[in-house]
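K.L.:
Could you work out the structure for the sequence below:
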Amino acid sequence: MRPQLLFCQTAFGKNLECIREYISTHAYDGVEWAWDGWRLMVPRERRRRRLNDLRQASRVSSAHAPYTDLEIGHRDAEHAAAAVRILRDYIDAAGELGAHHLNIHVGSYGLPLEELSWDGLVRNLGNLLEHAGRRGVCLTVENLTHGLTSTPDWFTRLLKATGAPVTFDFGHAHGSAWVQERHGSVVEFLNAIPTPVVAAHIYFTERNDTHFVPEKLEDISPALDGLAARGCDFWVLELHTQETLERTRKIVDEYLAAH
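P.N.:
Alright, predicted model coming up:
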């Protein structure tokens, strides 16, 4: 079965009409809304109108929660509690939007261990998963390039402790020290995940917060095979410019044509 293909809204900024048109003309199923740089309003009616605008722009969507200033695993319990409270709001918004899932980061920007509370992270993530379940929202956790979720050992430990499903990020895995220092491959990282892989961010690698395009099919085809084997059929091309998006789509289409 052909996976659903989406692209990241960041490539088109906040131009909803352009996003709507691009979905149609380039045969995408929908878009992932990147809320880190585009936060939701607090007033209820303004938020309702914004979510309605997003639904009209794309029938199928996923959402990426803010992460720059939110850290549910922070050792400062007051900061962690504030992050949980804000993310509960985004879970509610994802439910109202009808998003396929809401993705979150933990340990963003390589949060050092001395600033992390493991017990607090597990407790807070568990509470968010429970809240998401009550709201009918699938909440996923993403592997990152640096820090706690950048190695299969720590990532797996967190997933086993909470049961959280995953958005697997190709470029974060490839750009991690674990892969770059040849401890294992992107596919081995993917195969180590013990919980459902609900979605994937597809591009080649991340360096210095920049997402790079696969130059040939072989750059990502083993990992795409791994997604197919895991039954993951929700693929988000997470590129930040239209030019890199279209180059990546060409490679993904080549893969799909051969399978």
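K.L.:
what about the nearest residue to S150 once chain neighbours are set aside, how many neighbours?
P.N.:
Counting by C-beta to C-beta, 6 or more residues apart in numbering, S150 lies nearest to S176, which is 4.3 Å off, once chain neighbours are set aside. (C-beta placed from N, C-alpha, C; glycine too.) Residues contacting S176 under the criterion other C-beta atoms under 10 Å number 27.
K.L.:
S176 touches G147, doesn't it?
P.N.:
No. The pair S176 / G147 is not scored as a contact, 9.5 Å apart, by C-beta atoms under 8 Å.
K.L.:
for stretch 99-118, the distance to its chain's centre please.
P.N.:
12 Å (C-alpha atoms, centre = their mean, to the nearest Å).
K.L.:
So which bits of that stretch are buried?
P.N.:
99-108, 111, 116-117 (16 or more other C-beta atoms under 10 Å).
K.L.:
from those, which ones fall inside strands?
P.N.:
Secondary structure from DSSP state E places 102-104 of these in strands.
K.L.:
quick one: which of these is nearest L87?
P.N.:
Using C-beta to C-beta, I104 is the member of those that sits closest to L87, with 6.5 Å.
K.L.:
residues touching that closest one, list them.
P.N.:
65, 67, 72, 87, 128, 139-142 (C-beta atoms under 8 Å, 6 or more residues apart in numbering).
K.L.:
count of neighbours near T149?
P.N.:
24.
K.L.:
can you check H74 too?
P.N.:
22.
K.L.:
Pairing partners for it in the sheet, please.
P.N.:
Note on H74: beta-bridge partners by DSSP bridges are L116.
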